[in-house]
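Trainee: let me see the structure of the following:
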Amino acid sequence: MSTPSRLGLLRDPDFGRLFAATALGQLGDRIIFLALPLVAITALNADEFQVGLLTAMTTAGSLLVGLPAGAWVDRMPKRSVMVSADLARAVVLLTIPVAWWSGLLTIGWLYAVALVHGVLTVFFDVAYVSYLPHLVGRGNLVEGNSKLSAIRSVTSISGPGMAGPLVGWLGAPATLLVSSVGMAMSGLLAIRIRRREQKREPSERPRLLRDIKEGLKFVLRHPILRSIILGDAIFNLSLVMYQTMLLAFLEREIKLESFGIGLILSGMGCGALLGALSATRVSKRVGQGRVIWLAPLATCPLTVLMPLAHPGWTLYVAALGLASLSLGGVIRFVAQSSVQQTLTPDRLLGRMSATARFVSWGGIPLGGLLGGVSGSVFGAKATLWIGAAGMTSSVLPYFLSPLRGMRELRELPKEEGPELVR
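Mentor: Predicted coordinates for the structure are as follows:
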């Protein structure tokens, strides 16, 4: 695919449709991030443990269907999986405002919706990651990931900024109606993408366990892929512990209302946007491999500023620390996603994505539970300290791998695979 202008891939109509669908879907998703816990906190008076359990339910899909999802997606039209998952998620989210208006909403209902929504998100994300190399070509993966990260970052700014006032105006349950509409529009836009991946005729009868095993072996035996998912696992578990208590800390200890919480989360989105806009340039200057560990090393320690904060100027400084975390996180994500996709053959893309998600995201439900338990026993502030320390330690697997000195991947003939360039 040629990218002759500054717009690059956005000149391609199909990538433009994926870009727009990503914007709408991510907008709905960012509103969920703020509104769903606030439904539990404000509408149902949930305690810290219940909020942590809700977070665990939201991400439990990675453990329940993470590995088989990759094997299934590798044998299915990936665009169709994305469309179906988006439309199904829209319907599931719609049940929360309906139940609330009917007087039937309970914490159990929220748990069920969070679990089903999380399972559908696993299928969507595996298909999404696997479809991008087919849509843009492997030579354009860094640009494609960077542009999609940029629009996700924009929605990280606008989503909480919209959600805060909407929650205050409509209430948290009704705000999820906006999320449902965003998911539905994302699915409808994805239907219009014309380019399909080349249909692969299986050489033998599909066997789920054999296919899962093949994906696991490929990822876990590869030193770079293995280090990436291990670092991600430590980071994600710690981040979820941190995030689980962040809303409770801001709402109950700093005494922020939903609008103020939305502004802080929007600030994180600003950092993510700067990271997406600079990811390609930083990767070229520092090295695609080195930036994967240097970015979190420079930004994760700044998360300790939040538990040190009080109402006033220290809170603003802590918000800048969270924005820096998002900036480094997106730079790392763009670089490592492109490395993962480049290192993986087409036929294993779904299983690579699912295996990486299963291992690196598998600890997220545990992180939600640990965050809830820690918040109940030690308090929200202490849990933020624990999460900050864990995120900083996630740098070690990257640093102790070939990524430490790797600059970029140079493509070799397909049967040989990529070569590390130091």
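Trainee: and Lys255, that one's in a strand?
Mentor: No: assigned with DSSP: H, G, I helix; E, B strand; the rest coil, Lys255 falls outside any strand and is coil.
Trainee: need the contact list for it.
Mentor: With contact set as CB atoms under 8 Å, 6 or more residues apart in numbering, Lys255 has these partners: Pro311. In short, each C-beta sits where N, CA and C put it, glycine included.
Trainee: separation between it and Ile41?
Mentor: In this view, Lys255 and Ile41 are 14 Å apart by CB to CB, to the nearest Å.
Trainee: tally up the residues packed near Lys281, please.
Mentor: Not Lys; residue 281 is Arg. 11 (other CB atoms under 10 Å).
Trainee: now name the helix or strand holding it.
Mentor: Applying DSSP states H and E as the criterion places Arg281 in helix 258-286.
Trainee: in the stretch 51-200 of the chain, where is pLDDT below threshold?
Mentor: For the stretch 51-200 of the chain, applying pLDDT under 70 flags the ranges 138, 153, 156-165, 167-168, 196-200.
Trainee: list the buried ones in the helix or strand hosting Val83?
Mentor: Per DSSP H and E, Val83 falls inside helix 78-101. Along helix 78-101, these residues count as buried under the neighbour rule (16 or more other CB atoms under 10 Å): 78-79, 81-90, 92-97, 99-100.
Trainee: show me what the helix holding Arg281 is packed against.
Mentor: Here helix 258-286 touches helix 13-38, helix 141-170, helix 290-299, helix 313-343, going by 3 or more CB pairs under 8 Å, 6 or more residues apart in numbering; DSSP states H and E.
Trainee: now it and helix 313-343, what's the angle there?
Mentor: 50 degrees (axes from the mean of the first three to the mean of the last three CA atoms, to 10 degrees).
Trainee: and helix 258-286, how far from the chain's centre?
Mentor: Relative to the centre of its chain, helix 258-286 is centred 14 Å away, using CA atoms, centre = their mean, to the nearest Å.
Trainee: also stretch 61-74?
Mentor: 16 Å.
Trainee: name the surrounding residues that touch it.
Mentor: Contacts to stretch 61-74, defined as CB under 8 Å, 6+ apart, come from residues 81, 115, 118-123, 126-127, 130, 206, 208, 211-212, 215-216, 347-355, 357-358, 361-362, 364-365.
Trainee: spatially central, which residue of the protein would that be?
Mentor: Asp125 (8.7 Å; CA atoms, centre = their mean).
Trainee: before we move on, the earlier item: can you tell which of the helices and strands packed on helix 258-286 is closest to Arg195?
Mentor: Smallest distance to Arg195 across the helices and strands packed on helix 258-286 (CB to CB): 4.7 Å, for helix 13-38.
Trainee: give me the mean pLDDT for the closest one.
Mentor: Averaged over helix 13-38, pLDDT sits at 82.
Trainee: ok, Ala40 touching Glu48?
Mentor: No: using CB atoms under 8 Å, Ala40 makes no contact with Glu48, being 10.5 Å away.
Trainee: make CSV out of the helices and strands packed on helix 258-286 and add distance to Ser374.
Mentor: Below are the helices and strands packed on helix 258-286 laid out as CSV (distance: least, CB to CB, whole Å):
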stretch, distance to Ser374
helix 13-38, 16
helix 141-170, 24
helix 290-299, 22
helix 313-343, 19
